[in-house]
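Q: Structure for this input, please:
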Amino acid sequence: MRLFDLVGSTSRIVALGALSAVVGCGVFGGEQVCTLEAIPTGVVLYVDPPRAERARMAWIEHCQARRCESGTVRLDDHGDGKRGFVLFPGSERRPTDVRVLLRSSSGEQVLSRDTVATPRWVSPLDEPRCPKGGPQIRLAVTEKGRLDTAFDRD
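A: Residues are numbered from 1 along each chain as shown. Presented below is the predicted three-dimensional model:
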C-alpha cells in the first residue's frame, strides 16, 4: 500500500505538513501564531537547591471556597532544581490556600510550607495576544526555604 493511498491526495499531505509547522510556533512569517495546546488547571511547583537535592515527592493541598483537594507528584529534574505539577480541575481565579509538603525518597519530611496565592490565566506561550488557556498557580521553594509565587519561570 502506498502513502498516497492512505492519505488520499498530495494536497492533504502538504496541508498537514503546513499545519504541523505552524502549531507550536511563536512567530511564523512575521505574524504571531498561538498554539492549539491546552493549559491544565493546577499548581506548578519548582524546588530550588539545596532542597531539590533531597526532595523527591511533593504533596500539595489546594483550598478554594472551603473546598480542599490534594495530590502527590514526583518531582522531576529541571535545570539545577526540580519541578512538578498537580492537576486541580475547576480552580477559579480567586485567592487559594496552598500547603506544600516535600518528602525525600525514604519518605522523610524535607519541608512544609503554607501560602495564599491567586491563580493566573496562562497561555502556552505567555503571549498577551494569544487566548489564555487556564488558571494556574506557580510556586517555588526558594534557596532559603520560602514558598513564593513563581510566574516568571518556564
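
Q: so what are the domain limits for the protein?
A: Taking automatic domain parsing as the reference, the chain has its domains at 3-32, 42-149.

Q: got the end-to-end distance for the longest one?
A: Meaning domain 42-149. 14 Å (CA to CA, to the nearest Å).

Q: same thing with stretch 134-147?
A: From start residue to end residue, stretch 134-147 stretches across 22 Å - CA to CA.

Q: List of residues touching that stretch?
A: With CB atoms under 8 Å, 6 or more residues apart in numbering as the test, stretch 134-147 has contacts from 38-51, 55, 62, 91-93, 96, 98, 100, 102, 111, 113-115, 117-122, 148-151, 153. (C-beta placed from N, C-alpha, C; glycine too.)

Q: Counting neighbours, which of the residues you listed end up buried?
A: The neighbour count (16 or more other CB atoms under 10 Å) marks 39, 41-48, 51, 55, 62, 91, 96, 98, 100, 102, 111, 117, 119, 122, 150 as buried among the contacts of stretch 134-147.

Q: Just the helices from the chain, written as ranges.
A: 3-7, 10-22, 51-54 (DSSP state H).

Q: least reliable of these going by mean pLDDT?
A: Lowest mean pLDDT within those: helix 10-22, at a mean of 35.

Q: Just name the most buried of the domains of the chain.
A: Mean neighbour count, computed with mean count of other CB atoms under 10 Å, is highest for domain 42-149 among these, reaching a mean of 16.

Q: Many thanks, I have nothing further to ask.
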